[in-house]
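S.K.: Sequence first, then the predicted structure, then my questions.
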Amino acid sequence: MVQKFWLLLLRIYIKTGLFFYTKRIKVLGKQNIPKKGAVLFAVNHPNGLIDPLYVTTTNKRTNHYLVRAASFKNPIVKKVLAFLHLMPIYRIRDGIQQLANNQEIFEKCFGILKKGDALMIFPEGSHDKKRTIRPLSKGFTRIISGALEKHPDLEIRIVPVGITYQHISNFPAKVCINYGKPIATKKIFEANALAKAIHILKSEVSEQLKKRIVHINDDENYNKTLQKLNDAQVDFTNVDVVNLMIKNNTIPKKKEPKKNYLTPLFYLIILNSIIPYVLWKIAAKKIDEIEFIDTFRFSLNLVFCTIFYSLQTWIIVVFYGSLFGFLYLTFAVLLVLIYVKFAPTNAKKYEE
């Protein structure tokens, strides 16, 4: 009960943070989320550790997560991640000898599904900003088949979840979370040999994901198609519309990006958040993957802005009274809210 209470508070805190970080969070297909029973969310992975935050704060299920084992190297971090229902998954790049540890993790997953809880997996195996669904690993099918073998009466539904960003690393962010139709797995494994059942499952999940994000085939025309879409300043979060443009080759002509008339407001926010801003700039120099920019920028600013806005409010209360403290905090929050919700989110040029 204590853990659930703290997790609930953390969920509210993160969801509030994402509201102030994101211009718009479009959620599609919420009716496809099973209200109870074992479910596995199979999610594409374009943007680092911020991906699971968007998914878990847009559904009411208690989610458990499989993330790459490298995140668990620090003993303190390992305990924190375990408290947050995160579990390590080992890959060949972590060392062949480490792969044996996955069996223990799989056993935990079987137990989670048996209890009727939700498991979140990124079956592409790694993050990548490319707007395409990459080949899926068979790890999630092993979990499904293992759980059904151990608990034959269990029904596990897979819900493919597509995440599409207007452009990763942009601030303010703009994102679409698109829940696919549940796939009942029990019949698939009962009616087919194991190898065929795995193939069917991977194919169904992959095809659904391609429809739930802006998917561009990763071929010789990929860069050209993406550049045209960026030049046209399309709204990538209108997933169906953009996919239809790609399919019918009806991408609009080049369009000039919208001017950001709120730039002065942005500099006012920086001035009011100068310490968190400087700390973020120092940390940003150490980030060598674009897919982790949003993760660290959101996380650091969520913590630092909370601390320093509270501290600045307290100082004003001490010297000028509660009314001025309240007015300052209200003004500071409104500045951020106005900029985030009304500043343009122009697509950037393609970055190789």
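M.R.: Done, it's in.
S.K.: Point out where the chain drops to low pLDDT.
M.R.: Under the criterion pLDDT under 70, the flagged ranges of the chain are 1-3, 68-83, 90-100, 347-352.
S.K.: which residues in it form strands?
M.R.: With DSSP state E as the criterion, the chain has strands at 22-28, 39-43, 63-68, 86-89, 118-121, 157-165, 173-179, 183-184.
S.K.: now for the shortest one, which elements pack on it?
M.R.: This means strand 183-184. strand 157-165, helix 194-212 (3 or more C-beta pairs under 8 Å, 6 or more residues apart in numbering; DSSP states H and E). Quick note: C-beta positions are derived from backbone N, CA and C, even for glycine.
S.K.: Which strands and helices lie in contact with the shortest one?
M.R.: Packed against strand 157-165 by the contact rule (3+ C-beta pairs under 8 Å, 6+ apart) you find strand 39-43, helix 50-56, strand 173-179, strand 183-184, helix 194-212.
S.K.: okay, the strands of the chain in TSV with distance to residue 220 and mean neighbour count next?
M.R.: Shown next, in TSV, are these (distance: least, C-beta to C-beta, whole Å; neighbours: other C-beta atoms under 10 Å):
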stretch	distance to residue 220	mean neighbour count
strand 22-28	31	18
strand 39-43	28	26
strand 63-68	30	20
strand 86-89	33	21
strand 118-121	31	25
strand 157-165	23	25
strand 173-179	27	23
strand 183-184	32	15
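S.K.: Now that we have those, can you turn them into TSV and tack on distance to residue 237?
M.R.: TSV is the format used below for the strands of the chain (distance: least, C-beta to C-beta, whole Å):
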stretch	distance to residue 237
strand 22-28	5
strand 39-43	16
strand 63-68	22
strand 86-89	27
strand 118-121	21
strand 157-165	6
strand 173-179	4
strand 183-184	24
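S.K.: wait, which of the ones you listed is closest to residue 101?
M.R.: Among these, the nearest to residue 101 by C-beta to C-beta is strand 86-89 (7.6 Å).
S.K.: can you point me to the longest helix in this structure?
M.R.: Using DSSP state H, we find that the single longest helix of the chain is helix 293-320.
S.K.: buried stuff in that one?
M.R.: By 16 or more other C-beta atoms under 10 Å, the buried positions in helix 293-320 come out as 293-302, 304-305, 308-309, 312-313, 316-317.
S.K.: surely residue 292 meets residue 46?
M.R.: No - counting by C-beta atoms under 8 Å, residue 292 stays clear of residue 46, with 11.7 Å between them.
S.K.: more neighbours, those two?
M.R.: Taking other C-beta atoms under 10 Å, residue 292 and residue 46 do not tie; residue 46 has more neighbours (24 against 19).
S.K.: Work out which residue lies at the spatial centre of the chain.
M.R.: Compute the mean C-alpha point of the chain, and by C-alpha atoms, centre = their mean the closest residue is residue 51, 1.2 Å away.
S.K.: Surely that one touches residue 41?
M.R.: No - taking contacts as C-beta under 8 Å, residue 51 lies outside contact range of residue 41: 10.9 Å.
S.K.: what's the closest non-adjacent residue to residue 124?
M.R.: residue 134 (4.7 Å; C-beta to C-beta, 6 or more residues apart in numbering).
S.K.: Distance check, that neighbour against residue 86.
M.R.: Shown here: residue 134 relative to residue 86, a distance of 22 Å by C-beta to C-beta, to the nearest Å.
S.K.: Could you do residue 231 as well?
M.R.: According to C-beta to C-beta, residue 231 and residue 86 sit 39 Å apart.
S.K.: Then residue 13?
M.R.: Residue 13 is 17 Å from residue 86, where distance means C-beta to C-beta.
S.K.: With residue 238 instead?
M.R.: Distance from residue 238 to residue 86, by C-beta to C-beta: 32 Å.
S.K.: Break this protein into its domains for me.
M.R.: As assigned by automatic domain parsing, the chain contains the domains 2-212, 263-342.
S.K.: and these as JSON lines, adding distance to residue 253?
M.R.: Below are the domains of the chain laid out as JSON lines (distance: least, C-beta to C-beta, whole Å):
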{"stretch": "domain 2-212", "distance to residue 253": "20"}
{"stretch": "domain 263-342", "distance to residue 253": "26"}
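S.K.: winner for burial among those domains?
M.R.: Ranked by mean neighbour count, the domains of the chain are led by domain 2-212 with a mean of 18 (mean count of other C-beta atoms under 10 Å).
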